[in-house]
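Trainee: Below are the sequence and a predicted model for it; my questions follow.
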Amino acid sequence: MKSKRQYVMRARADATAQTRQRILQAVFDLHEEKLSVDIALDDVASRAGVSVQTVLRHFGSRDNLIEATTEFANELIVQERRAPAGDLRAAVRAIFDHYELRGDSALMLLAQEFTEPRARRITDNGRKVHREWVKEVFAPQLDQCSATDAEARTDLLVVATDVYTWKLLRRDRGLSRRRAEQRVRQLIDAVLALETEGDTDG
């Protein structure tokens, strides 16, 4: 009897977790199609195949839902962009895989960041995640520099691998992915080949 009760409780917990995951995925997917401010709870519920009341029961409010989705997205994005530290070719390939899949939706969010506070929180966090990715992936190269030079090169590597750089090459210039990756790799090589000079203001 006890074993059956435990099975039922575990099944309910699994179903609850799956519903929560489905709701988070729905919000994440909708951000690729709509402006953040235009995403209503009705949209989320319809996409997830649940009622609005179910969404609220899981998250309490729209703000809480957006915050939870940001955490969900972070975990997903970290996995999508993972690359071995020090492997420049793999790093460029991973970041392009990510941008080819998520770049346009990221640009949509960035277009909203000065008018929509929720979008700004997401994009601020995205910049933080990207900088951490740069530090992790290029750690073997940056570890050979002084702290000042490592910080300066991190800034430049962030620019070289940023979604706007991808946009300039793939969307604005219309380069093939292969050619765009070559351009980014050339930028990275140039940054890493810079002579050590330290920061100078003025």
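Mentor: That came in fine, so what should we check first? Numbering: from 1, shown residues only.

Trainee: Please, which helix or strand holds the residue nearest to the spatial centre of the chain?
Mentor: Most central in the chain under CA atoms, centre = their mean is residue 77, positioned 4.3 Å from the mean C-alpha point. According to DSSP states H and E, residue 77 maps onto helix 62-80.

Trainee: Give me the mean pLDDT for that helix.
Mentor: Average pLDDT, helix 62-80: 86.

Trainee: Please name every helix or strand in contact with it.
Mentor: With contacts taken as 3 or more CB pairs under 8 Å, 6 or more residues apart in numbering; DSSP states H and E, helix 62-80 sits against helix 2-30, helix 41-48, helix 52-59, helix 88-110, helix 117-137. From N, CA and C alone the C-beta is placed, and that goes for glycine too.

Trainee: Make CSV from those helices and add distance to residue 65 to it.
Mentor: As requested, the helices and strands packed on helix 62-80 are exported to CSV (distance: least, CB to CB, whole Å):
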stretch, distance to residue 65
helix 2-30, 6
helix 41-48, 7
helix 52-59, 4
helix 88-110, 16
helix 117-137, 10
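
Trainee: Residue 148: which of the ones you listed is closest?
Mentor: helix 117-137 (14.8 Å; CB to CB).

Trainee: Can you tell me what sits against the closest one?
Mentor: Helix 117-137 is contacted from outside by 36-37, 63, 66, 70, 73-74, 77-78, 81, 83, 85-87, 91, 95, 106, 109-110, 112-114, 142, 154, 157-158, 161-162, using CB atoms under 8 Å, 6 or more residues apart in numbering.

Trainee: and the angle for that helix with helix 88-110?
Mentor: Helix 117-137 and helix 88-110 are oriented at 170 degrees to each other (axes from the mean of the first three to the mean of the last three CA atoms, to 10 degrees).

Trainee: and helix 117-137, which residues are buried?
Mentor: Residues 118-120, 122-123, 126, 130, 133-135, 137 are the ones in helix 117-137 that count as buried (16 or more other CB atoms under 10 Å).

Trainee: just the buried members of the contacts of helix 117-137?
Mentor: Buried among those (16+ other CB under 10 Å): 36, 66, 70, 73, 77, 81, 83, 91, 95, 106, 109-110, 112-113, 142, 154, 157-158, 161-162.

Trainee: Chain neighbours aside, what residue packs nearest to residue 49?
Mentor: residue 22 (6.9 Å; CB to CB, 6 or more residues apart in numbering).

Trainee: and if you look at residue 84?
Mentor: Using CB to CB, 6+ apart and skipping the chain neighbours, the partner closest in space to residue 84 is residue 90 (5.6 Å).

Trainee: number of nearby residues for that neighbour?
Mentor: Residues lying near residue 90 (other CB atoms under 10 Å) number 14.

Trainee: Would you quantify the distance from it to residue 10?
Mentor: 39 Å (CB to CB, to the nearest Å).

Trainee: what's the answer for residue 81, then?
Mentor: 33 Å.

Trainee: do the same with residue 59
Mentor: Distance from residue 59 to residue 10, by CB to CB: 23 Å.

Trainee: Which of the two has more residues huddled nearby?
Mentor: Higher neighbour count among residue 59 and residue 10: residue 59, with 21 against 10, using other CB under 10 Å.
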